[in-house]
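Chemist: Return atomic coordinates for the entry below.
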Amino acid sequence: MGARAQYVVVENGAWQRYYSHWAANRIVDDLLAGPAAATRCFRANREIDEWLDDVWCEGAALVDHDRRTLLWFASVDSWADHVAARAVLTRTWRGWDVRFAHDGMGDLTHHLALGRDLTRTPGWFETFEPSGFASSEYTEPCSVASVRLPDGGVRAWGSDWEPVDHLAAGPRQIDLIAASSASPPLTDMPEGGVHFDPQARTVSLWAVRTVAGIHNWPLPGWEDWVLDFRGEDHTRQAALLPADFPFPSPPLAAALRKLADGLTAPLPDMSGPLALAAGAPGPEGTTAVVNPAALVPHEPADPTPAELAALRGAIDALVTEAEAD
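Modeler: Numbering: from 1, shown residues only. Now for the predicted structure:
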């Protein structure tokens with residue numbers, strides 16, 4: 001139980017790690033007000049001397065004051081939520097290199113010159129033999145897979161797989177994708193996409209979620225393929241999609257307003273769920289035990305009046321711009 005988050009603060013050549021059991025879904029909220037507010041927030045939580053791995057860490061941020069670099073990752077509800085958060089961070093962290101950590105914890109440890117595999121066990125990237133393709137029947141799929149066909153044309157499908165799952169299945173699944181029946185046109189932006197060009201032996205990928213292992217290319221099965229990793233940029237795949245399967249252009253104003261509403265939203269009270277968890281019967285002969293870390297509430301960012309005013313001003317300006325588009 002929990003949504004574990006790890007923070008790293010780098011300052012004056014030294015770095016410290018911090019932990020919150022309930023903050024993975026709040027990473028963006030705690031970053032919005034800028035580097036000073038975020039640093040105070042992280043240091044108000046528990047200092048630890050260990051790293052979480054990609055399984056247990058559901059959100060993280062590294063604030064490097066020496067190099068003015070912010071690395072972060074967290075789950076988002078939609079493409080628009082991610083783009084809105086990036087837009088606000090660009091303004092409230094002005095002068096900083098703000099980057100989404102697509103490689104998860106690997107990006108954070110790499111930034112500290114500790115390598116990308118510090119928190120990963122050998123063979124952690126699991127591959128599988130494809131027996132089919134998870135083509136989506138819904139208009140809001142997780143990702144979009146597109147393939148350049150032998151005649152030079154491109155077809156695209158909505159997919160219930162995350163982008164990295166297409167890589168874990170290896171090149172053999174390209175034929176399964178190409179043989180899939182058509183999926184409905186999109187009504188909302190997916191969270192990522194992957195494009196295969198078998199003739200050029202290239203694969204292009206973008207995502208607004210983590211794609212852990214993406215910098216360990218070639219991944220198993222792709223040894224003679226070239227990777228074109230686009231980060232969060234979907235425009236290359238958008239230019240390749242057929243006319244009857246375009247990416248939508250969802251408005252950002254609603255996502256920006258949601259960020260503004262979250263500034264005053266109280267943290268959830270976890271006492272009730274914890275009491276239920278502690279009282280739940282375990283397997284015969286066992287007793288349920290609550291992780292002590294789960295009893296420690298998250299200490300959220302507490303912006304100063306000036307920081308909060310600047311943040312609200314940034315969001316208001318972005319909403320105005322989004323509505324004008």
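
Chemist: Only the buried residues of stretch 78-96, if you could.
Modeler: Burial within stretch 78-96, assessed by neighbour count using 16 or more other CB atoms under 10 Å, is assigned to 78-89, 91-93, 96. C-betas here are computed from N, CA, C, even on glycine.

Chemist: And for stretch 39-50?
Modeler: Applying a neighbour-count criterion of 16+ other CB under 10 Å, one finds 39, 40, 41, 42, 45 buried in stretch 39-50.

Chemist: quick one, strands of this structure?
Modeler: When secondary structure is read from DSSP state E, the chain shows strands at 5-11, 14-20, 46-48, 59-64, 69-74, 97-100, 143-148, 154-159, 192-197, 202-207, 226-229.

Chemist: how much space between the nearest residue to residue 254 once chain neighbours are set aside and residue 10?
Modeler: Using CB to CB, 6 or more residues apart in numbering and skipping residues adjacent in sequence, the residue nearest residue 254 is residue 80, 7.2 Å away. Noted for residue 80: a distance of 31 Å to residue 10, by CB to CB, to the nearest Å.

Chemist: same deal with residue 257?
Modeler: Distance, residue 257 to residue 10, using CB to CB: 33 Å.

Chemist: same check, this time on residue 193
Modeler: When distances are taken as CB to CB, residue 193 and residue 10 turn out to be 33 Å apart.

Chemist: between the two, who's got more neighbours?
Modeler: Just comparing residue 193 and residue 10: by other CB atoms under 10 Å the higher neighbour count belongs to residue 193, 29 against 17.

Chemist: Tell me, how many residues neighbour the nearest residue to that one once chain neighbours are set aside?
Modeler: For residue 193, ignoring the flanking residues on the chain, the nearest one in space by CB to CB, 6+ apart is residue 144 at 4.2 Å. Using other CB under 10 Å as the criterion, residue 144 is surrounded by 27 other residues.

Chemist: Contacts only, for residue 144.
Modeler: When the contact criterion is CB atoms under 8 Å, 6 or more residues apart in numbering, the partners of residue 144 are 156, 157, 158, 159, 186, 190, 192, 193, 194, 237, 241, 247.

Chemist: Pick the one among those closest to residue 174.
Modeler: Using CB to CB, residue 194 is the member of these that lies nearest residue 174, at 10.1 Å.

Chemist: residues near residue 31, how many?
Modeler: By the measure other CB under 10 Å, the count of residues near residue 31 is 25.

Chemist: Wait, residue 27 touches residue 61, no?
Modeler: Yes: using CB atoms under 8 Å, residue 27 makes contact with residue 61 at a distance of 5.7 Å.

Chemist: Next, show the common contact partners of the two.
Modeler: Common neighbours of residue 27 and residue 61 (criterion: CB under 8 Å, 6+ apart): 5, 72, 73.

Chemist: For the first one, name its beta-bridge partners.
Modeler: Put plainly, it is residue 5. Legend: beta-bridge partners of residue 5 under DSSP bridges are residue 20, residue 59.

Chemist: wouldn't it be in contact with residue 20 here?
Modeler: Yes: with the criterion set as CB under 8 Å, residue 5 and residue 20 qualify as a contacting pair; they are 4.8 Å apart.

Chemist: Please parse this protein into its domains.
Modeler: For the chain, the structural domains run 5-122+293-320, 143-240, going by automatic domain parsing.

Chemist: just so I know, which of the ones you listed lies nearest residue 251?
Modeler: Go through the domains of the chain one by one with CB to CB and the one that ends up closest to residue 251 is domain 5-122+293-320, at 7.6 Å.

Chemist: Between its first and last residues, what's the separation in that closest one?
Modeler: With CA to CA, to the nearest Å as the measure, the ends of domain 5-122+293-320 fall 33 Å from one another.

Chemist: Same check on stretch 34-50?
Modeler: Taking CA to CA, the span from the opening residue of stretch 34-50 to its closing residue is 26 Å.

Chemist: which outside residues touch that stretch?
Modeler: Contacting residues not belonging to stretch 34-50 are listed as 7, 9, 11, 16-20, 23, 30-31, 61, 63, 65, 70, 92-93, 96, 293, 296, 298-304, 307, 310-311 [CB under 8 Å, 6+ apart].

Chemist: can we see that at 6 Å?
Modeler: 7, 9, 16-20, 30-31, 63, 92-93, 299, 301, 303, 307 (CB atoms under 6 Å, 6 or more residues apart in numbering).

Chemist: The closest residue to residue 125 other than its chain neighbours: neighbouring residues, count only.
Modeler: Excluding its sequence neighbours, the residue lying closest to residue 125 (CB to CB, 6+ apart) is residue 213, at 4.7 Å. Counted by other CB under 10 Å, the residues lying close to residue 213 total 23.

Chemist: Understood, closing this out.
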